[in-house]
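A.B. asks: from the sequence below, what's the structure:
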Amino acid sequence: MQSFEGLSESEIRRRKKISATMKKKIEQKRKAGLRKYWAKRRKEKAEKEKKEKAEKEKIRKQQAKEREKIRNRKKPGRKKKTGPKINWYKRKKKRLEKENRVKKDTHLPPIKFKVMMCRNGNRISTIGKYRTSEEAYEAFNRQKEISNAVVFPRQFRIYDKFENSIDECIIIEKTDSGPIMLRNEYGKLVEQRTDIEGWEIIDKFKCNVEETFWVWGYDNRSDRKTFTWIYDEMVIGDGFGPYEFKRIFIYRNKLLIRYDSGELGMIICKSDYDSSRLYNELQSKTKKDKITQVVFIGDRSRKCPETEKLEKELMELTGWNIKKLRMKNTTYYGVN
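C.D. replies: Next up, the predicted model:
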């Protein structure tokens, strides 16, 4: 115990104050050390518990894997069949039924019918090949509907010469019965023959094919136009103004449309007969639709001052010479 003998009161108070402060610091250090110790112990305990838990989980997974392996292990011996058991008598009966079963023919029947398009007695295309007469006649009747819907039928063809175009749709059948007799357009029975051995014509009809025209400004082969297009785009167009008129006339095998703006539209037909047919059909169509602002002038092919003036205008438009311009059909430069 500290002795304060021989010391003044102020010295005694100073020493007591220092002693109290030291005790407080010592106590604080002791408590801090104690907290650090218990924190370390708790951390060690938590790590130990975590390690034990991980070890237990590892053991559990391993045991579960072993159980799954045992469960999926193939049992020794023959595998048992599911379902009800079949006795020997039924097994034998089923086997005999399987042996005596008649095999079904899974092959499709052969193609026995063809629908084809012919022009002037020559084949030009095959519409389809069929296994039954019902399918063939369905396609045949469909071609009849297409033929009946034609507005301006084709009557001539040009290949190496100018001739009538006779288009027919036929059905041929693979048969050994020989040539078949069919009635022609006059009702007379005529023997039908083909150039394909073993195939005979069983039915046919004369069909209509839509005529196409060369409109100046479009390609004369790949972009030919129909009667409906000419009527809708060139004759009717976008309609008429209150004082707007169109004049239509013929020059040889060309049908010309004069607009109020002075422009000239030209449709080149295969022959002068086709240009007359087109002219008459357009006139009938405009009358039927009650269009009064289209004037039909007639034929301008006769030699006169107006025709000479028209020919000069057409030569400037096309760049053709007078000989080509005065052609009545498009076969002048064809191969004979």
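A.B. asks: where do the strands sit along the stretch 151-300 of the chain?
C.D. replies: 156-158, 162-164, 167-174, 180-183, 189-192, 199-206, 214-215, 246-251, 254-258, 264-268, 294-299 (DSSP state E, counting those that start in this stretch).
A.B. asks: quick one: strands adjacent to the fifth one?
C.D. replies: Going back to what we said before, that points to strand 189-192. Within its sheet, strand 189-192 is paired with strand 180-183 (antiparallel), according to DSSP bridges.
A.B. asks: quick one on the thing from earlier: out of the strands of the stretch 151-300 of the chain, nearest to residue 319?
C.D. replies: Nearest to residue 319 among the strands of the stretch 151-300 of the chain is strand 264-268 (12.9 Å), distances taken as Cβ to Cβ. C-betas here are computed from N, CA, C, even on glycine.
A.B. asks: what's the offset of the closest one from the middle of its chain?
C.D. replies: 36 Å (Cα atoms, centre = their mean, to the nearest Å).
A.B. asks: likewise stretch 222-234?
C.D. replies: With Cα atoms, centre = their mean, you get 26 Å for stretch 222-234.
A.B. asks: show the low-confidence segments of this structure, by residue range.
C.D. replies: 1-6, 159-162, 332-336 (pLDDT under 70).
A.B. asks: break it into its domains for me.
C.D. replies: According to automatic domain parsing, the chain comprises the domains 113-206, 214-325.
A.B. asks: now these in TSV, with distance to residue 107 and mean neighbour count?
C.D. replies: Output for those, formatted as TSV (distance: least, Cβ to Cβ, whole Å; neighbours: other Cβ atoms under 10 Å):
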stretch	distance to residue 107	mean neighbour count
domain 113-206	11	14
domain 214-325	43	15
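A.B. asks: take those domains and lay them out in a markdown table including distance to residue 31.
C.D. replies: Below are those laid out as a markdown table (distance: least, Cβ to Cβ, whole Å):
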| stretch | distance to residue 31 |
| --- | --- |
| domain 113-206 | 105 |
| domain 214-325 | 104 |
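A.B. asks: for residue 42, find the nearest of these.
C.D. replies: Among the domains of the chain, domain 113-206 comes nearest to residue 42, with 90.4 Å by Cβ to Cβ.
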